[in-house]
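Peer 1: structure for this input, please:
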Amino acid sequence: MFRKLLSASACLILMFLLAACGKKEEAAQPTEPAAAPAKPAVVPGEMVLIPAGEFIFGDTDKTKPSYPQQKINLPAFWIDKYEVTNREFLDFCVKTEYSGEGAKEGKDWRQFFTPDKANHPVVYITWNDALKYCESLGKRLPTEEEWEKAARGTDGRRYPWGDKWDPNRSNTYEVGLKIPAAIGEYDDVSPYGVHDMLGNVQEWTGSWYKAYKGNPQADPNYGERFRVVMGISSRYYGTRAFLTDRSGYLPKSLYDFGCRCAKEATPEEAAKAAPTKG
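Peer 2: Just a heads-up that it's a prediction; the model follows:
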């Protein structure tokens, strides 16, 4: 009898030890890593409301056409969250029977549009092409001041994400692609949530290429002949660029220039816009 009790006790102890070991092994099993949050869906044509207020505009480098740095106060405005795509521009051309200024020369946006690039930014459009597209939607091209505020926020940062260079955040030369990528592909996002402001393609603005107030440089190109282009393309080094960099081109120029649209905010919209600091 005693032997039976002893044997039963030993079995119970052994079962307990095995169960405890099992729990330890179970606890030691690595847990599955948490899934990365899904990227928000890209919605071409979506706009972002930029609140009214002051921001740092321009550059401190006296040799640049973006000198001097200054504070500017802008009213609230809307700007496209993404660059205008091939699909959007094609839809505009079909609906309005617009062919584009470069069509006569056989050198325009159609040469760079294939079905797999429907969501890539439209390029090789002239300033007038860009303006007509925006106007067809009841919008306009942003001024260079609006473009820069939407890109930099209020604190005068060098890149949309801050002042420290990150070679993987924008479609610039460092990435090695050297052609435009689909909109929203990179984490090139401003404090206001506007995408692809540094790289991908250069963008037309509605501004004339004029000297900033307080700039002592005499440049024969200043005036109402050239239009301002902002941002850099995938062929340019991001490490050598600033969001303040501006260039002037003839309105009929056909390069890898794209655009995004803007429009005024209504008083009601401006009142609801919560200021966002850079």
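Peer 1: please make it C-alpha for all contacts and neighbour counts, starting now.
Peer 2: Noted.
Peer 1: ends of stretch 91-111, how far apart?
Peer 2: End-to-end distance of stretch 91-111 (CA to CA, to the nearest Å): 16 Å.
Peer 1: repeat for stretch 198-209
Peer 2: Terminal residues of stretch 198-209 are spaced 19 Å apart (CA to CA).
Peer 1: now it: average pLDDT?
Peer 2: Stretch 198-209 carries an average pLDDT of 98.
Peer 1: how far does it sit from its chain's centre?
Peer 2: 12 Å (CA atoms, centre = their mean, to the nearest Å).
Peer 1: can you pull the buried residues of it?
Peer 2: In terms of neighbour count (16 or more other CA atoms under 10 Å), stretch 198-209 has its buried residues at 198-209.
Peer 1: could you do stretch 102-109 as well?
Peer 2: Using 16+ other CA under 10 Å as the burial criterion, the residues of stretch 102-109 that qualify are 102, 107-109.
Peer 1: ok, Arg169 - contacts?
Peer 2: 186-188 (CA atoms under 8 Å, 6 or more residues apart in numbering).
Peer 1: tell me the one of the buried residues of stretch 198-209 nearest Ala182?
Peer 2: Asn200 (8.7 Å; CA to CA).
Peer 1: what's near enough to touch Arg235?
Peer 2: Neighbour list for Arg235: 172-173, 178-179 [criterion: CA under 8 Å, 6+ apart].
Peer 1: closest to Ala150 among the buried residues of stretch 102-109?
Peer 2: Trp109 (25.8 Å).
Peer 1: count the neighbours of Gly40 for me.
Peer 2: That one is not Gly; residue 40 is Pro. Pro40: 7 surrounding residues under other CA atoms under 10 Å.
Peer 1: so which strand or helix has it?
Peer 2: Assigned by DSSP states H and E, Pro40 belongs to no helix or strand.
Peer 1: and the one 3 residues further on, by the same measure?
Peer 2: Using DSSP H and E, Val43 sits in no helix or strand.
Peer 1: let me know the pLDDT of it.
Peer 2: Looking at Val43, its pLDDT is 90.
Peer 1: begin at 123 from now on, thanks
Peer 2: That works, and once the first residue is 123, the last one we named lands at Val165.
Peer 1: among the contacts of Arg357, which ones are buried?
Peer 2: Of the contacts of Arg357, these count as buried by 16+ other CA under 10 Å: 294-295, 301.
Peer 1: for these, which one is nearest Val244?
Peer 2: Out of the buried ones among the contacts of Arg357, the member with the shortest distance to Val244 (by CA to CA) is Ile301, at 11.7 Å.
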